[in-house]
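1. Provided below for reference: sequence and predicted model.
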Amino acid sequence: MTSIVTVPFHGDTLFALQRSDGVFVAVKPICQNLGLDWKAQHRRITSDAILSEGMVITAIPSPGGTQDAVCLRLDLVNGWLFGIDDRRLDAEVRDRVLQYKRECYAVLFRHFHPGTATQAPVVSENEAIRLRLITESRQTFGCKAAAQLWFKLGLPIVPAMLAASGQGELSI
């Protein structure tokens, strides 16, 4: 059974679908809230091997009637957000994008997993730099180079990554 959930976030409303196969977050409203070009972000998601695997198109009600919405699996929302190059954005939009990068996933996670996280994860400046390096590596050299850098930096392997690969170990 699918249920539509709204989650308030800094004066915006985030829309999510809770389905038997996971939680999926509507992406277009986030783009609109941030002032991002929806078509460009949609192309980015569909052309990315990992993000496109976690994308679903589903009908949701709206004031104008039922419409199709592109949604990303909850665990991929940060991957999409961190792929946005904030250096290319106007100052006003950049501040909103950075706010979403810092807090959006934690707010959604806490909503769908109450009691497991009482506050947003704290990211140190060093961790932020490492994540930025990985993002830039992926954008410049591709996913394989970013994965190699991820392991070289000693970042943790997420068990879901192993499950998604269908293997007991993750190969690069």
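-> Sure thing, it's come through. Numbering: from 1, shown residues only.
2. drop to CA atoms for contacts and neighbour counts, all remaining ones
-> OK.
3. list the contacts for His111?
-> Val7 (CA atoms under 8 Å, 6 or more residues apart in numbering).
4. which is the next helix or strand following the one helix or strand it maps to?
-> Assessed by DSSP states H and E, His111 sits inside helix 91-112. Sequence-wise, the next helix or strand downstream of helix 91-112 (DSSP H and E) is helix 125-141.
5. may I have that following helix as PDB, with CA atoms only?
-> The C-alpha trace of helix 125-141 is given here as PDB (Å, rounded to 0.1, in the frame of the first residue of the first chain):
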ATOM      1  CA  GLU A 125      34.900  20.400   8.300                       C
ATOM      2  CA  ASN A 126      37.300  17.600   7.400                       C
ATOM      3  CA  GLU A 127      34.400  15.200   6.500                       C
ATOM      4  CA  ALA A 128      32.800  17.900   4.400                       C
ATOM      5  CA  ILE A 129      36.100  18.400   2.500                       C
ATOM      6  CA  ARG A 130      36.400  14.600   1.900                       C
ATOM      7  CA  LEU A 131      32.800  14.400   0.700                       C
ATOM      8  CA  ARG A 132      33.400  17.400  -1.600                       C
ATOM      9  CA  LEU A 133      36.500  15.700  -3.000                       C
ATOM     10  CA  ILE A 134      34.500  12.600  -3.800                       C
ATOM     11  CA  THR A 135      31.700  14.600  -5.400                       C
ATOM     12  CA  GLU A 136      34.200  16.500  -7.600                       C
ATOM     13  CA  SER A 137      36.000  13.300  -8.400                       C
ATOM     14  CA  ARG A 138      32.700  11.700  -9.600                       C
ATOM     15  CA  GLN A 139      31.800  14.700 -11.700                       C
ATOM     16  CA  THR A 140      35.300  15.000 -13.200                       C
ATOM     17  CA  PHE A 141      36.500  11.400 -13.500                       C
END
